[in-house]
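>>> From the sequence below, what's the structure:
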Amino acid sequence: MARPAKGANADAAMLDLLAKDGVIANLRASSKKQVLQELARHAADAVDQSQRNVFDVLLERERLGTTGIGRGIAIPHGKLPSLDRVYGLFAKLAAPIDFEAVDDRPVDLVFLLLAPAAAGADHLKALARISRILRDDALCEKLRRSDTPDAILAVLTEGERAHAA
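Residues are numbered from 1 along each chain as shown. Predicted coordinates for the structure are as follows:
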């Protein structure tokens, strides 16, 4: 899935959160639950966890409130006790699905974030960084037009450079 972040530093570059194999270009799913199951399946090997453990953490977080932040974007996230670094996975859905987003719009761009249980500040910094990048409407349109993992990764890293503080 993702190349490990350097140390547990969530301020590490996007390439440290995501690698080419951490990008899914056209994920096929017909429901929020199916998206979370597919993301858990893709993430399980990279974080050396069972697919069920990853899925349960994501589902538990969704029960607290949707991670669909609006404008077609969701950032499901969770913490797993045995992780020692932050991991990311980006998926562009083949077709938008209902994610119970705050604006009631269907979601087609999903950034999964998994962090160590003790990574309070690092987890929040990574969430803020991803949210800041995905707030750019022009960048999201480029992501929606991109059809390969390489093209999506290029747009995400371009967005990070443009939004670097």
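
>>> Quick one: the helices in this structure, in order.
Ranges of helices within the chain are 14-17, 32-46, 51-64, 120-134, 137-145, 149-162, based on DSSP state H.

>>> In the chain, where is pLDDT below threshold?
1-12, 19-20, 163-165 (pLDDT under 70).

>>> do that again at 50, thanks
Low-confidence segments of the chain, defined by pLDDT under 50: 1-12.

>>> Quickly list what the residue nearest the centre of it is bridged to.
Taking Cα atoms, centre = their mean, the centroid of the chain lies closest to F111, which sits 1.8 Å from it. Beta bridges link F111 to F90, judged by DSSP bridges.

>>> Kindly report the same for K79.
On the basis of DSSP bridges, K79 is bridged to A115.

>>> check contacts around it.
V57, L114, A115, P116, A117, A119, H123 (Cβ atoms under 8 Å, 6 or more residues apart in numbering). To be clear about C-beta, it is placed using only N, CA and C from the backbone, and glycine gets the same treatment.

>>> and if you look at A95?
R28, D108.

>>> ok, back up a step: spatially, which two of the contacts of K79 are the most separated?
Across the contacts of K79, no pair lies farther apart than V57 and A119, at 13.2 Å, counting by Cβ to Cβ.

>>> Quantify the burial of the closest residue to L15 other than its chain neighbours by counting its neighbouring residues.
Once flanking residues are discounted, L15 sits nearest to T157: 6.2 Å by Cβ to Cβ, 6 or more residues apart in numbering. Other residues near T157 come to 15 when the count uses other Cβ atoms under 10 Å.

>>> residues in contact with the nearest residue to I130 once chain neighbours are set aside?
Counting by Cβ to Cβ, 6+ apart, F111 is the residue found nearest to I130 once chain neighbours are left out, at 5.1 Å. When the contact criterion is Cβ under 8 Å, 6+ apart, the partners of F111 are I73, A74, I75, G88, L89, F90, A91, I130, L134.

>>> This completes my enquiry, with thanks.
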